[in-house]
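# Any chance you could fold what I've pasted below:
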Amino acid sequence: MYYYSTVDNIVMTHSAVHEKDGFDVVDVHFERPSQDGFNFLDMTVPGEIVSKSFGFSENEILKLKRYAKNNSSLIWDFAQKGGGENA
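Reported below is the predicted structural model:
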């Protein structure tokens with residue numbers, strides 16, 4: 001996973017572009033420290049399809065999905081080039 005950003009103590013990382021069910025996608029992972037370890041959210045872009053989550057409220061999930069969607073073109077570009085440091 002490649003580092004993308006930290007906002008409000010939530011770290012976002014992403015994978016390289018890969019194929020899933022015949023479509024090119026990028027896996028996106030959000031996490032933040034909590035008293036019990038970490039809260040996390042895993043999704044794919046495009047589509048902002050959540051596959052797993054723990055510890056984030058429904059409202060927070062909507063905000064994270066919106067953040068991923070608003071940044072998806074940049075995330076996609078970085079994912080194709082091997083992360084932000086290589087873009």
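
# Please report how far F23 lies from V17.
The gap separating F23 from V17 is 10 Å, by Cβ to Cβ, to the nearest Å. (Each C-beta comes from the backbone N, C-alpha and C, glycine too.)

# what about those two, which has more around it?
Set F23 next to V17 and count neighbours by other Cβ atoms under 10 Å: V17 wins out with 16 against 10.

# May I have the residues that are in contact with the more buried one?
The neighbours of V17, taking Cβ atoms under 8 Å, 6 or more residues apart in numbering as the test, are D24, V25, V26, W76, A79, Q80.

# Those in strands, which ones?
With strands identified by DSSP state E, the entries of the contacts of V17 that belong to them are D24, V25, V26.

# Please pick the buried ones from the residues you listed.
If you count burial by 16 or more other Cβ atoms under 10 Å, the buried members of the ones in strands among the contacts of V17 come out as V25, V26.

# tell me which of the ones in strands among the contacts of V17 is nearest to Y3?
Of all the ones in strands among the contacts of V17, the one with the least separation from Y3 (Cβ to Cβ) is V26, at 13.8 Å.

# Relative to G47, how far out is the closest residue to that closest one other than its chain neighbours?
Ranked by Cβ to Cβ, 6 or more residues apart in numbering and with sequence neighbours excluded, the top spatial neighbour of V26 is A79, at 4.4 Å. Applying Cβ to Cβ, one obtains 15 Å for the distance of A79 from G47.
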